[in-house]
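Asker: Predicted model, plus sequence, below.
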Amino acid sequence: MTTSRIPGFYDLTLEERRAKLADASPLSPGELIPLTSPLALDVASHMVENAIGTFSLPLGVALNFMVNGRDVLIPMVIEEPSVVAGASFMAKLARASGGFTATSAEPLMIGQLQVLNVEDANKAAERVLARKTELLTYVDAAESSLKSRGGGARDLEVRVIEESPIGKFLVVHLIYDVRDAMGANAVNTACERLAPRIEEITGGKVHLRILSNLTDKRMAKATCVIPVKELEFVAQDGILRYSGEEVRDGIIAAYAFAAADPYRAATHNKGIMNGIDPVVIATGNDWRAIEAGAHAYAARSGRYTSLSTWSKDESGNLVGELEMPLAVGIVGGATKVHPAAQAAVKLMNVKSAGELAEIIVSVGLAQNMAALRALATEGIQRGHMSLHARQVAIAAGASGELIEKVASQMAAEGVVRMDRAKEILMTMESGK
Ligand code: MEV
């Protein structure tokens, strides 16, 4: 059975980690190979135009996650130090009270048709709505792989844009169930099919026909409850620096800052996306689409604000909640052609796009908590320091065991700079 608890994982060598992962995960060593090998050039050259090679990023596995009572190993593709460790640590705290509880909505995407040159937009909108059933049936009459999996056109909505740089126009929304796909292709195809019918009915000219990345019908939500005792902040020297209550209230005050101030909210939400994007990338999903949806949703009231909320319950526990649009798929697109993306989906043992969204939103919440806990206590730099020091050591030319040695010495000195890394490296290499 899969376990996401692998004590000591961090201290193992890369090879030992791979072996442990094969033991702990539903994947055999053979099935893990795509996660540990580069993308084949012939696959890459069919994915984008003008390909000349591939570009690698680290793939880490976040541990300790329990989502809806199930242990999940989380693949994360990211270049930033501290993110995988932060998510894993917070997942461990959340585990004490059963981990994350997450839900996801039906996979409904919105396709938009912009209708120009309509004489009376309000009357045209009424005419479209009056023929809704017929139009939905027409869209569904086309061959589509999604339809055979239970997806298809579900609803039509109309909106009259009263003011714009070109004046008033009509917008028709096609609500389309994409099942386990991200669904961009299916929705765009359906919009293009629908367009001539909308022109007939409205007497206007359909201009744009494209999905919206503000997928606010396809939301995912995670909550966690952290017992205050778990929040005690013990420094590396073993001294209790902050009580659980202090950390809890510090996290709530940090959230209040983001709730009230867009300058802070942008950074707060960036911290959430530090958890979301790496899993979206690992599973071959479109992270630009997820980013666009997240930030548009954060600004839905007219003022950009925090995507998450943090509060305390009657027993004094810290309660976190994150709800955001999450249009991710497990079939089609890069998820299908990229072998590592397929292996990443298997590693998490997800059976539906909704289940994947539930895991991703939980990682976003964990990551947010990691950042706020650090910011509300010792600050972000200390935690960053040792991993950053390793990167500087590598950049200075250290390899093998020397990376750790040079990094540790710089971290101990509190001076993490390229010139110092080079000096230390030279001393170590010359055996002085
Ligand atoms: C850094 O990548 C992310 C943070 O800035 C997030 C935050 O401030 O909440 C630490």
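Answerer: Happy to help now that I have it. Residues are numbered from 1 along each chain as shown.

Asker: was I right about D71 contacting R5?
Answerer: Yes - contact criterion CB atoms under 8 Å: D71 and R5 qualify, at 7.3 Å. The C-beta positions use only the backbone N, C-alpha and C, and glycine is treated the same way.

Asker: out of these two, which sits in the busier spot?
Answerer: Each of D71 and R5 has its neighbours counted (other CB atoms under 10 Å); D71 has more, 19 against 14.

Asker: so the more buried one, which of the three states?
Answerer: strand (DSSP: H, G, I helix; E, B strand; the rest coil).

Asker: Quick one, grab the pLDDT at it.
Answerer: Looking at D71, its pLDDT is 97.

Asker: Quickly list what it is bridged to.
Answerer: M66 (DSSP bridges).

Asker: Report the secondary structure element holding L372.
Answerer: Here L372 sits within helix 353-376, counting by DSSP states H and E.

Asker: next structured bit after that helix?
Answerer: Downstream of helix 353-376 (by DSSP H and E), the next one is helix 381-395.

Asker: neighbouring contacts of the helix or strand containing P75?
Answerer: In the assignment (DSSP H and E), P75 maps to strand 70-77. Strand 70-77 is contacted from outside by 1-5, 21, 24-25, 35, 57-63, 65-66, 83-84, 87, 275, 278-279, 281-283, 344, 347-349, 359, 363, using CB atoms under 8 Å, 6 or more residues apart in numbering.

Asker: right, is that strand up against the ligand?
Answerer: No - for strand 70-77, no contact with the ligand is found by CB under 6 Å from any ligand atom; the gap never falls below 13.4 Å.

Asker: Could you list the low-pLDDT ranges of the stretch 101-250 of the chain?
Answerer: Under the criterion pLDDT under 70, no range of the stretch 101-250 of the chain is flagged.

Asker: what's around N317, how many residues?
Answerer: Neighbours of N317 using other CB under 10 Å come to 19.

Asker: Near the nearest residue to it once chain neighbours are set aside, how many other residues are there?
Answerer: Closest residue in space to N317, ignoring its immediate chain neighbours: V225 at 4.9 Å, by CB to CB, 6 or more residues apart in numbering. Residue neighbour count, defined by other CB under 10 Å, stands at 19 for V225.

Asker: partner residues bridging V225?
Answerer: The partner residues for V225, given DSSP bridges, come to V319.

Asker: residues contacting it?
Answerer: By CB under 8 Å, 6+ apart, the contact set of V225 is A94, S97, G98, D313, N317, L318, V319.
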